[in-house]
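K.L.:
Got a sequence here, can you model it:
(chains A and B)
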Protein chains: 2
Amino acid sequence: MTTTDAVWADLTSRWQDLADLNGTLALLNWDQSTYLPPAAAGGRARQKALLSGIRHARATDDAYGRLLDAAAARTDLSPEQARMVEVARKDFERATRFPSAFVQARSRHFGESYSAWTQARPGNDFARMIPYLEKSLDLNVQAAGYFPEFADPMDYFVDQSDEGMTAAQVDAVFGELRAALVPLADSVIAAGPPRTDFLNRHYPAQAQLRFGEDVIRQYGYDFAQGRQDLTHHPFMTRLGERDTRITTRVKEHDPIDALYSTLHEAGHALYEQNVREDFLGTPLGGGVSAGVHESSSRMWENLVGRSREFWAAYFGDLRDTFPDALGDVTEEEMYRASNVVSRSLIRVDADELTYNLHVITRYGLERDLLSGRLAVADLADAWHAAYESNLGQRAPSDVDGVLQDVHWFAGGPGGAFQGYTLGNVLSAQFFAAAEAANPGLKGDFARRDFSRLLGWMRENVYRHGRMLRPAEMVVQATGQPMNVEPYLAYLRGKYGALLG
Amino acid sequence: MTTTDAVWADLTSRWQDLADLNGTLALLNWDQSTYLPPAAAGGRARQKALLSGIRHARATDDAYGRLLDAAAARTDLSPEQARMVEVARKDFERATRFPSAFVQARSRHFGESYSAWTQARPGNDFARMIPYLEKSLDLNVQAAGYFPEFADPMDYFVDQSDEGMTAAQVDAVFGELRAALVPLADSVIAAGPPRTDFLNRHYPAQAQLRFGEDVIRQYGYDFAQGRQDLTHHPFMTRLGERDTRITTRVKEHDPIDALYSTLHEAGHALYEQNVREDFLGTPLGGGVSAGVHESSSRMWENLVGRSREFWAAYFGDLRDTFPDALGDVTEEEMYRASNVVSRSLIRVDADELTYNLHVITRYGLERDLLSGRLAVADLADAWHAAYESNLGQRAPSDVDGVLQDVHWFAGGPGGAFQGYTLGNVLSAQFFAAAEAANPGLKGDFARRDFSRLLGWMRENVYRHGRMLRPAEMVVQATGQPMNVEPYLAYLRGKYGALLG
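P.N.:
Take a look at the predicted model:
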């Protein structure tokens, strides 16, 4: 039908434009984090605001909404087209459900709250943040209220990053996980730390970067469609079609930081670089959820990059690259040092195992705040209590406690953390399914062959983009709903062997 | 008046948005030339087209045109405001006078012509380009026809890049210049070349870059508001407020190329970095014309960078930086080598002196084509004849003749070249005035002190942005209209002394 084909052509052209605007905004951000001259920050902020406004106007245009309704009423769409319309309508709802006065008030408040936090944190002044945080919490409860289809505000926030998932499901996963991880961490830590003295020696930056780039090239990261640059905080960003870049930072007295952040961001990029070509520029052309995205980065960082087989393949090269620093170190020592477990207060510095307990702690506190079980005024104390219970640690001050992460002070409590640990859980579940389908998979790594793992992930996860809902994808790929068993089996296997 | 103040607020906000869109487009281009992954070119082209379309829609919006008319009718504007409106209306006319079908047809044709040239040039096949060039010429004559206020099509094109200048003025300047330069070049070349063997030795790239950046930092280029990156073709670009970047390329067997392209682009950037603060984000916030812009880059590249005093200041450093390459070289030899004059066929490789004869040749041919005195079919022969007459050289083929430059094949004949030589002429006129106001100015350079020259240029040229018309600025700054005497005096002085 000519009329409806015109509708479809109009829709796809709008989607392409939205994707191109997103890429342009990503470039403005990428450049700001990498190469922007210091005096240009103000002008850049204005450019970003202008482009965001243009994008928002197009994403919330009435005519676009009518097109989506018209497309949704069609019965002749392919499954892919139907899903494109479904996802686009969901995005449209998200962008239009809030009244614009509410959007502005919320954005202004979060800006003020962030500013206050930058001063309150060094001053260890949580009291100052209480009124800000109370208002943030109130605004986030209101925000969820614009989506009455979610009974619990936390359901709204969980669904925002992991479509179709409920807070009750996260509760169940995190409950099981906590019960297993607390004693596991205790026993690993009780066994005492491995040798790590050599990690503090001198590792020249350029050589570190070259080493990391060699590894991810072998992983399958395509440098014809991306690049790596230096930033304060590593990230992955998609700047356009076939332009998926990663960033890292390098510490000359720590070879671990740059390497694993490179492997992590490359894991995100492998996802984006392997979405179906015909989805590019459509609502399906990207990762499906925070948890699934994080599952890919955690897999390439931890399940691959911290494995015995990885070090069997790469330790020789690393020692040749840094003969002064690693001359007296064995492959086994490097393997153990890259898997050290310790109690810590700072989430972003935590090891693979205890990191989840940091996330579970924050998720639990968010859950209590949003449900009204916990008052903001009691949050700092609740933080310390939860850390003692989950991590056996108590921060000497709120700087390393409730004031530690920016999230609650720049965006309010709600759904900002759980995706990290859902990603860990899923990484092991996907990996176990990939191994079942590819016997001897880990042996490949010792030969620097990652093609079977990449191929399995491409076929079962990456290529689908946003075509499948996350839960559907997990069942289709692994034969079972998301569950913690593969992750616990992985952790127990690894740390059990390390404990001897 | 509230109503008119609202008009002014609306206008300034539109101007700021246009400036921010220009900066965003400049970023898309800069990134494409520096860091874009190779596979991303197609997506980037689409992003640029989208942003160009958004900018064009805003620059040609009817409501914007009405605002400009309303502002032009006001009598309470300051001189700066009145000039902003004048410049903006001129830009608006340029953007709206062509029917959009004409814009599209012209842009499509130039695209096809450029494609054909990329194949015809290596094949030395000018015949293939004749029909393209005939149509390009026809389209450019038509384009000028939409501006009937210009009697001669060449006047339209000259005014496009150098506001207020006529082709007759350029004819007069170029006639005088040619008459003086041809014999001067002859006598310099007849005297034989200086020693240049050391220019082909090995100069490591990083050290070259660092050396050039040290020099332009001392010139006054502000790295807090800019940076230098590598590209195939050096350029200067303004990516936003206080973000004026330059690019260069480095040849490890030629220390001249990177240094002088750095000094040249820094000269453009010094202009942009020193425009009045209150003009930023308005129609006056940038360089006023191609010729005046080029006068700044040529001044810092040639009148400063190729001076005896420059080498008195920097040769020691350069030799310390490259002891292997320059151990047996004297300051005088470096000075002479940086001022070598030779007959050449390729404009972009020409020396300071004969470069102008390349430009005068192209300008003359454009002039004849646009006036109908020369048919496209005869252009290749006319090229050879003009080169014999102006440069005493005949290219062995059209590859190094009429097919050499991209300009006529990507945008048609008309006004693309004369600005380069107008810049050379003005660079000497400004410099002579700066010297008259600052006795002993050149002596500063030997002490690496460029503050008096930069200060004079800032006050008399840079800070005005587009406030003054180019011809007004020249008279105000130098006391006389544009004329070739200072430039000829400079060239005669320099090469006379070199000839001994």
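
K.L.:
Would stretch A:210-227 count as contacting chain B?
P.N.:
Yes: under the criterion of CB under 8 Å from any CB of the partner chain, chain B is reached by stretch A:210-227 at A:Asp222, A:Phe223, A:Ala224, A:Gln225, A:Gly226, A:Arg227. C-beta here means a position set from N, CA and C on the backbone, and glycine is covered the same way.

K.L.:
Looking at those residues, which one is closest to A:Asp138?
P.N.:
When the residues of stretch A:210-227 next to chain B are ranked by distance to A:Asp138 (CB to CB), A:Gly226 comes first, at 41.4 Å.

K.L.:
Do I have it right that that closest one meets B:Pro38?
P.N.:
No: with contact defined as CB atoms under 8 Å, A:Gly226 and B:Pro38 do not form a contacting pair (10.4 Å).

K.L.:
The two - which one has more neighbours?
P.N.:
Using other CB atoms under 10 Å in any protein chain shown as the criterion, A:Gly226 and B:Pro38 rank with A:Gly226 on top: 26 against 10.

K.L.:
Would the host helix or strand of A:Tyr260 count as contacting chain B?
P.N.:
Using DSSP states H and E, A:Tyr260 sits in helix A:255-273. No: using CB under 8 Å from any CB, helix A:255-273 never reaches chain B; the gap is at least 9.8 Å.

K.L.:
hey, C-alpha coordinates of that helix in PDB?
P.N.:
Coordinates of each C-alpha in helix A:255-273 appear next as PDB, following Å, rounded to 0.1, in the frame of the first residue of the first chain:
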ATOM      1  CA  PRO A 255      49.400  -2.600  34.800                       C
ATOM      2  CA  ILE A 256      46.000  -4.000  35.900                       C
ATOM      3  CA  ASP A 257      44.000  -0.800  35.600                       C
ATOM      4  CA  ALA A 258      44.400   0.000  31.900                       C
ATOM      5  CA  LEU A 259      44.400  -3.600  30.800                       C
ATOM      6  CA  TYR A 260      41.200  -4.600  32.400                       C
ATOM      7  CA  SER A 261      39.400  -1.400  31.600                       C
ATOM      8  CA  THR A 262      40.400  -1.900  28.000                       C
ATOM      9  CA  LEU A 263      39.100  -5.400  28.000                       C
ATOM     10  CA  HIS A 264      35.900  -4.300  29.800                       C
ATOM     11  CA  GLU A 265      35.100  -1.500  27.300                       C
ATOM     12  CA  ALA A 266      36.100  -3.700  24.400                       C
ATOM     13  CA  GLY A 267      33.400  -6.100  25.700                       C
ATOM     14  CA  HIS A 268      30.800  -3.400  25.400                       C
ATOM     15  CA  ALA A 269      32.100  -2.500  22.000                       C
ATOM     16  CA  LEU A 270      32.000  -6.100  20.700                       C
ATOM     17  CA  TYR A 271      28.300  -6.000  21.400                       C
ATOM     18  CA  GLU A 272      27.700  -2.800  19.500                       C
ATOM     19  CA  GLN A 273      30.000  -3.800  16.600                       C
END
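
K.L.:
Give me the next element, helix or strand, following it.
P.N.:
Using DSSP H and E, the helix or strand that follows helix A:255-273 in sequence is helix A:290-298.

K.L.:
Let me know the average pLDDT across stretch A:207-222.
P.N.:
Across stretch A:207-222, the average pLDDT comes to 98.

K.L.:
And it, what's buried?
P.N.:
Applying a neighbour-count criterion of 16 or more other CB atoms under 10 Å in any protein chain shown, one finds A:Gln208, A:Leu209, A:Phe211, A:Gly212, A:Glu213, A:Val215, A:Ile216, A:Tyr219, A:Gly220, A:Tyr221, A:Asp222 buried in stretch A:207-222.

K.L.:
want to try a markdown table for these, with secondary structure and distance to B:Asn438 as columns?
P.N.:
Below are the buried residues of stretch A:207-222 laid out as a markdown table (DSSP: H, G, I helix; E, B strand; the rest coil; distance: CB to CB, whole Å):
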| residue | secondary structure | distance to B:Asn438 |
| --- | --- | --- |
| A:Gln208 | helix | 50 |
| A:Leu209 | helix | 48 |
| A:Phe211 | helix | 54 |
| A:Gly212 | helix | 53 |
| A:Glu213 | helix | 51 |
| A:Val215 | helix | 58 |
| A:Ile216 | helix | 56 |
| A:Tyr219 | helix | 61 |
| A:Gly220 | coil | 62 |
| A:Tyr221 | coil | 56 |
| A:Asp222 | coil | 56 |
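
K.L.:
picking up where we left off before, show me the residues of stretch A:210-227 next to chain B that map onto helices.
P.N.:
Among the residues of stretch A:210-227 next to chain B, no member falls in helices (DSSP state H).

K.L.:
what about the closest residue to A:Glu388 other than its chain neighbours, distance to A:Met129?
P.N.:
Leaving aside its sequence neighbours, A:Glu388 sits nearest to A:Arg394 (CB to CB, 6 or more residues apart in numbering or on different chains; 5.4 Å). Per CB to CB, to the nearest Å, A:Arg394 is found 20 Å from A:Met129.

K.L.:
Between the two, tell me which one has more neighbours.
P.N.:
Each of A:Arg394 and A:Met129 has its neighbours counted (other CB under 10 Å); A:Met129 has more, 24 against 13.

K.L.:
What are the boundaries of the strands in chain A?
P.N.:
Ranges of strands in chain A, per DSSP state E, are A:228-230, A:236-240, A:243-248.

K.L.:
does A:Met467 really touch A:Ser78, like I thought?
P.N.:
No: with contact defined as CB under 8 Å, A:Met467 does not count as touching A:Ser78 (11.0 Å).

K.L.:
quick one, which of the two is more surrounded?
P.N.:
Between A:Met467 and A:Ser78, counted using other CB under 10 Å, the more crowded position is A:Met467 (19 against 8).

K.L.:
Tell me, what's the model's pLDDT at the more buried one?
P.N.:
Looking at A:Met467, its pLDDT stands at 98.

K.L.:
Same question for the one 3 residues further on.
P.N.:
Per-residue confidence (pLDDT) for A:Pro470: 96.

K.L.:
How about the contacts made by it?
P.N.:
Listed by CB atoms under 8 Å, 6 or more residues apart in numbering or on different chains, the contact partners of A:Pro470 are A:Asp162, A:Glu163, A:Gly164, A:Met165, A:Val288, A:Ser289, A:Gly291, A:Val292.

K.L.:
Nearest residue to it in space, please, no chain neighbours.
P.N.:
Nearest non-adjacent residue to A:Pro470, counting by CB to CB, 6+ apart: A:Ser289, 4.4 Å away.

K.L.:
okay but the one you found is in contact with A:Asp159, surely?
P.N.:
No: counting by CB under 8 Å, A:Asp159 is not a contact partner of A:Ser289; they are 9.6 Å apart.

K.L.:
Looking at the two now, which is surrounded by more residues?
P.N.:
A:Ser289 (24 against 20).

K.L.:
which stretches of the stretch 1-150 of chain A aren't confidently modelled?
P.N.:
Along the stretch 1-150 of chain A, the model assigns pLDDT under 70 to residues A:1-4.

K.L.:
in it, which spans are helices?
P.N.:
A:2-34, A:41-59, A:62-72, A:79-96, A:100-120, A:126-145 (DSSP state H, counting those that start in this stretch).

K.L.:
Counting neighbours, what do you get for the residue nearest to A:Ser113 when sequence neighbours are not counted?
P.N.:
Nearest residue to A:Ser113, sequence neighbours excluded (CB to CB, 6+ apart): A:Tyr132, at 4.1 Å. Per other CB under 10 Å, the neighbour tally for A:Tyr132 reads 22.

K.L.:
The one 5 residues further on now?
P.N.:
Counted with other CB under 10 Å, residues neighbouring A:Leu137 total 23.

K.L.:
Just to check, it is in contact with A:Gly412?
P.N.:
Yes: using CB under 8 Å, A:Leu137 is in contact with A:Gly412, at 6.2 Å.

K.L.:
wait, what's in contact with the residue nearest the centre of chain A?
P.N.:
When CA atoms, centre = their mean is applied to chain A, the residue found nearest the centroid is A:Glu294 (4.4 Å). By CB under 8 Å, 6+ apart, the contact set of A:Glu294 is A:Gly419, A:Tyr420, A:Leu422, A:Gly423, A:Asn424, A:Leu426, A:Ser427.
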